[in-house]
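Engineer: Give me a 3D structure for the following:
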Amino acid sequence: MKLYGGFEVRQRSWLLRERDRLRDLLDQLRAATTSRSDFESHDTTDDEAVIQAEAIEDRLAAIDQALDRINSDRYGRCDMCGSAIPIRRLEALPTTAVCRDCVALHHIAGSVVRPVSS
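Structural biologist: Residues are numbered from 1 along each chain as shown. Here you go, the predicted model:
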């Protein structure tokens with residue numbers, strides 16, 4: 001059962017648009033770095049491009065995971081404790097899978113918190 005109904009529809013739409021935007025950006029970044037001649041020297045621009053590409057790939061993975069949670073009716077539920085994640089948190093962090101309390105608990109405990117089994 002969907003936790004937030006219409007809100008999830010809006011989030012899915014935003015996540016899909018953001019995924020498309022990031023994929024385009026990643027394609028442009030890769031094209032720019034591969035179009036350089038093999039004779040050009042390696043510089044910090046190449047290193048920065050690799051770092052940017054990795055960050056975009058991480059963000060894309062988080063978006064795909066959020067879309068999977070929407071499709072499986074788990075969006076808005078904390079992966080750690082199973083409680084509802086407030087809409088304000090989901091608006092600020094659309095890809096989050098953990099409630100604020102569990103994030104705080106994880107930082108205090110300094111250990112890995114195991115997700116709730118389905």
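Engineer: Please make it C-alpha for all contacts and neighbour counts, starting now.
Structural biologist: Will do.
Engineer: now the protein, which segments are flagged as low pLDDT?
Structural biologist: Scanning the chain for pLDDT under 70 picks out 1-3, 35-45, 107-118.
Engineer: residue ranges of the helices in it, please?
Structural biologist: Using DSSP state H, the helices found in the chain span residues 6-34, 44-71, 87-92, 100-109.
Engineer: between these, which gets nearest to residue 78?
Structural biologist: Between residue 78 and the helices of the chain, the shortest gap by C-alpha to C-alpha is with helix 100-109, which sits at 8.2 Å.
Engineer: Could you list the buried residues of the closest one?
Structural biologist: Buried residues in helix 100-109, counted by 16 or more other C-alpha atoms under 10 Å: residue 102.
Engineer: Let's see that helix as CSV, backbone CA atoms only.
Structural biologist: Coordinates of each C-alpha in helix 100-109 appear next as CSV, following Å, rounded to 0.1, in the frame of the first residue of the first chain:
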residue,chain,number,x,y,z
ARG,A,100,16.3,11.0,10.7
ASP,A,101,16.2,9.0,14.0
CYS,A,102,18.0,6.1,12.4
VAL,A,103,20.6,8.4,10.8
ALA,A,104,21.3,9.9,14.2
LEU,A,105,21.4,6.4,15.8
HIS,A,106,23.8,5.2,13.2
HIS,A,107,26.1,8.2,13.8
ILE,A,108,26.0,7.8,17.6
ALA,A,109,26.5,4.0,17.5
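Engineer: So what touches stretch 83-92?
Structural biologist: Around stretch 83-92, the neighbours that count as contacts under C-alpha atoms under 8 Å, 6 or more residues apart in numbering are 3, 76-78, 96, 98-100.
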